[in-house]
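> Just to be clear, the model below is a prediction. Sequence and coordinates:
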Amino acid sequence: MDNTSELYRDLDRILITREEIAAKVRELGQTITADYRGKNPVMICILKGAAMFFTDLIREIDLPLTLDFMAISSYGSATKTSGVVRILKDLDKDIVDKDVIVVEDIVDTGITLSYLKKILEQRGAKSLKVATLLDKPARRKVKDLYVDYMCFNIPDAFVVGYGLDYDQVYRNLPDIGVLSPKIYES
Ligand code: 5GP
């Protein structure tokens, strides 16, 4: 899809191009490969937003890793967090004694990730780290949240594309863009 297509008309601007994403994801894959040398990490994809990031990232990690998937809901169709996090789909396998890497799309207030970390920490993993594609530090409400791996710091704007949605749409945009406020204000 090129950026003259219909979905791009709803963006104010492109924030991160597909080339910039690919370069950063490759770099992060190399970092994780080096950090986990000799280990078999379990990579956990937080559906649906992290799906694109996850599938690209795992192909840049040169380790005998395994995958699992979890679906949670914290947003509904609004652009502001509700503060309520629900597990819609849990992991297939237990993570006892495993080196776990949780792969998230974006950390905004931090409420979702801090909740997730809490419940996964209770499940007996050997180690637990978090990799996020995007971070919006200006909006953080959970102050003591530590994010181990992060690709891009972004300003306080509502972004879509590369897995991120608004009302389930725009996930298939190859780039990440700022959604025009008229889309969610109308
Ligand atoms: P938090 O709990 O950190 O406030 O929110 C995390 C979740 O909110 C993310 O996993 C994502 O689903 C959603 N979210 C936060 N900011 C954005 C944004 O700018 N765009 C989109 N599409 N989702 C967001």
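Nice, thanks for sending it over.
> Next up, identify which helix or strand Lys182 is on.
Using DSSP states H and E, Lys182 falls within helix 181-185.
> any residues touching that helix, and which ones?
Identification of contacts with helix 181-185 by CB atoms under 8 Å, 6 or more residues apart in numbering yields Asp10, Asp12, Thr79, Phe158, Tyr166. The C-beta positions use only the backbone N, C-alpha and C, and glycine is treated the same way.
> Only C-alpha atoms, please: export that helix in CSV.
Once non-C-alpha atoms are left out, helix 181-185 reads as follows in CSV (Å, rounded to 0.1, in the frame of the first residue of the first chain):
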residue,chain,number,x,y,z
PRO,A,181,-8.8,14.5,15.3
LYS,A,182,-11.8,15.2,13.1
ILE,A,183,-12.1,11.4,12.7
TYR,A,184,-12.8,10.8,16.4
GLU,A,185,-14.4,14.1,17.2
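> Does the ligand have contacts with it?
No - judged by CB under 6 Å from any ligand atom, helix 181-185 stays clear of the ligand, getting no closer than 10.4 Å.
> how about the longest helix along the chain: buried residues?
In the chain, assigned by DSSP state H, the helix with the most residues is helix 18-35. Buried positions in helix 18-35, judged by neighbour count with 16 or more other CB atoms under 10 Å: Arg18, Ile21, Lys24, Val25, Leu28, Gly29, Ile32, Asp35.
> Show me which of these is closest to the ligand.
Of all the buried residues of helix 18-35, the ligand sits closest to Ile21, with 14.9 Å by CB to the nearest ligand atom.
> ok, back up a step: out of the contacts of helix 181-185, who's near the ligand?
Within the contacts of helix 181-185, those near the ligand by CB under 6 Å from any ligand atom are Phe158, Tyr166.
> And the average pLDDT for the helix holding Lys182 is what?
Computed over helix 181-185, the mean pLDDT rounds to 91.
> can you pull the buried residues of stretch 168-186?
For stretch 168-186, by 16+ other CB under 10 Å, it's Tyr170, Arg171, Leu173, Pro174, Asp175, Ile176, Gly177, Val178, Leu179, Ile183.
> Oops, could you answer that again for stretch 45-65 instead?
45-54, 56-58, 60-61, 63, 65.
> what's the distance between that stretch and the middle of its chain?
A distance of 10 Å separates the centroid of the chain from that of stretch 45-65, by CA atoms, centre = their mean, to the nearest Å.
> Could you export it as PDB, CA atoms only?
The C-alpha trace of stretch 45-65 is given here as PDB (Å, rounded to 0.1, in the frame of the first residue of the first chain):
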ATOM      1  CA  CYS A  45       2.400 -11.000  21.700                       C
ATOM      2  CA  ILE A  46      -0.300  -8.700  23.200                       C
ATOM      3  CA  LEU A  47      -3.100  -8.900  20.600                       C
ATOM      4  CA  LYS A  48      -4.100  -7.200  18.500                       C
ATOM      5  CA  GLY A  49      -2.100  -4.000  18.500                       C
ATOM      6  CA  ALA A  50       1.400  -5.600  18.700                       C
ATOM      7  CA  ALA A  51       0.700  -8.200  15.900                       C
ATOM      8  CA  MET A  52       2.700  -6.500  13.200                       C
ATOM      9  CA  PHE A  53       5.600  -5.500  15.500                       C
ATOM     10  CA  PHE A  54       5.700  -9.000  16.900                       C
ATOM     11  CA  THR A  55       5.800 -10.900  13.600                       C
ATOM     12  CA  ASP A  56       8.600  -8.600  12.300                       C
ATOM     13  CA  LEU A  57      10.600  -8.600  15.600                       C
ATOM     14  CA  ILE A  58      10.700 -12.400  16.100                       C
ATOM     15  CA  ARG A  59      12.100 -12.800  12.500                       C
ATOM     16  CA  GLU A  60      15.000 -10.500  13.500                       C
ATOM     17  CA  ILE A  61      15.800 -12.600  16.600                       C
ATOM     18  CA  ASP A  62      18.300 -15.400  16.000                       C
ATOM     19  CA  LEU A  63      17.400 -17.700  18.900                       C
ATOM     20  CA  PRO A  64      15.300 -20.900  19.400                       C
ATOM     21  CA  LEU A  65      12.400 -18.900  20.800                       C
END
